[in-house]
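Engineer: Give the three-dimensional model of this entry:
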Amino acid sequence: MNPAYADWYGDDHLWIVLTIANYLKETGKMDLLKKEVPFYEAGKKRAQREKGTVLEHLKRSLNFTRTHLGKHNLPLLGFADWNDCMNLPLGAESSFNTGLYAKALLEMMDICEALGDTASVEMYKGWYEDVKKAFNDAAWDGKWWVRWFDKQGNAYGTSKAKYGKIYCNSQSWSVISGIATGDRAVQGMDSLNKLLNTANGVKSSTPGYRGFDPNVGGISTYPPGAKENGGIFLHTNPWVMIAETILGRGDMAFQYYSQINPAAKNVKLDEFESEPYCYPQNILGDEHKQFGMGRNAWLSGTSSWTYQAATQFIIGVRASFKGLIVNPCIPSKWDGFKVTRKFRGATYEIEVKNPKHVCKGVVEMIVDGQKIDADVAPIFTKGVHKVVVTLG
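Structural biologist: Below you'll find the predicted structure:
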């Protein structure tokens, strides 16, 4: 590899923190953190590698990012982040990696709190506040968040750019991670809606590059409106849905969900030209002459993320260390809904009522006839339990 570029990706090691945290919340099997697993080391057989507990793997993951910060004290891009096609020389910083790192810190705080490790909770809280401040000090462009900084500190994803003025992921992940503060969280998502949304989904960026640019690499090898160069890369869309539910905008979240639903494309298969029973990796954007065409069916993490967006954030039923959260963010026209959820050996029969036709806001939760002073149903190990939630 060219020594001017990193030989590691800036996001790969952070996903494990989110994965393990969600597994622990779902199952309660905290002993997993004690299991020893070898670290990867090129050229060494598994038996020869250093081992560490799963908890140690999580700690090292966060510490790697903490010790690989750039000019603005933001996490380094590495060779690339989620966008494999954006390859800036070593020293570049990534707002996506910043958001993912911050979200991983929040998850790690939850794990440490569940373990009773208050000292680690405070340490990771300090790291979180550091990166939140650095992000807000450096990455706001006036109406949205920038996407990258190169090693000289030049911003990408800024209104001053000719191409790639705004990117989807820096808006959504700043909200998902909570590092977008105050009105900036709303403004960034409003800018995304205004500049990136189409009838077929949210574009990854705009405007697309009009030819190869050696300064940005692979992203500029695609025609405008294709793949990462201004295409509707579906993997990014459920993150937009999740961010909208965090802002309490259920109508927007469900609109974004519906726009990319392949089953809704049955009436325009001549345009879509992709299977109506699975998500394609991307849909050609409105800068492309074949706008609306699906490409690379099955090759995507979209389905799993959209499932999470729909069930955990729009329907709003998700596991936590303290119980089963029921905090929907739905379209305001919905009267409510019913759903059955199995959790920790018990079955929860959930009814959500929306008499005032709001998007979000739990005003009452009743579990087995008893009022609960929160939006978290207790953990049961067996049986069937009735949960009634009222929004208002």
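
Engineer: Domains of this structure: list them as residue ranges, please.
Structural biologist: Per automatic domain parsing, the structural domains of the chain span 1-146, 318-391.

Engineer: Identify whichever of those domains lies nearest to Ser159.
Structural biologist: domain 1-146 (5.8 Å; C-beta to C-beta). Glycine gets a C-beta too; all of them are placed from N, C-alpha and C.

Engineer: from the chain's centre, how far out does that closest one sit?
Structural biologist: Using C-alpha atoms, centre = their mean, to the nearest Å, the distance from the centre of domain 1-146 to the centre of the chain it belongs to is 14 Å.

Engineer: got it, and stretch 292-301?
Structural biologist: 19 Å.

Engineer: CA atoms of it as PDB?
Structural biologist: Output in PDB follows, covering the C-alpha atoms of stretch 292-301 (Å, rounded to 0.1, in the frame of the first residue of the first chain):
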ATOM      1  CA  GLY A 292     -34.800   5.300 -10.100                       C
ATOM      2  CA  MET A 293     -33.000   2.100 -11.400                       C
ATOM      3  CA  GLY A 294     -32.000  -0.300  -8.700                       C
ATOM      4  CA  ARG A 295     -28.500  -1.700  -8.800                       C
ATOM      5  CA  ASN A 296     -26.700  -4.700  -7.200                       C
ATOM      6  CA  ALA A 297     -29.600  -6.400  -5.600                       C
ATOM      7  CA  TRP A 298     -28.900  -8.300  -2.300                       C
ATOM      8  CA  LEU A 299     -25.500  -6.600  -1.900                       C
ATOM      9  CA  SER A 300     -26.400  -4.400   1.000                       C
ATOM     10  CA  GLY A 301     -26.700  -4.100   4.800                       C
END
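
Engineer: Let's verify the residue sitting nearest the centre point of the chain: helix, strand, or coil?
Structural biologist: With distances taken as C-alpha atoms, centre = their mean, Trp239 lies nearest the centre of the chain, 4.5 Å away. Three-state call for Trp239 (DSSP: H, G, I helix; E, B strand; the rest coil): helix.

Engineer: For it, list the residues it contacts.
Structural biologist: 168-169, 172-173, 176, 305, 309 (C-beta atoms under 8 Å, 6 or more residues apart in numbering).

Engineer: Which of those sits closest to Pro38?
Structural biologist: When the contacts of Trp239 are compared against Pro38 (criterion: C-beta to C-beta), the nearest one is Trp305, at 28.7 Å.

Engineer: host element of that closest one?
Structural biologist: helix 302-308 (DSSP states H and E).

Engineer: ok now stretch 260-274, how far from the chain's centre?
Structural biologist: 25 Å.

Engineer: could you give the mean pLDDT of it?
Structural biologist: If you average the pLDDT over stretch 260-274, you get 93.

Engineer: With stretch 23-42 instead?
Structural biologist: For stretch 23-42, mean pLDDT rounds to 96.
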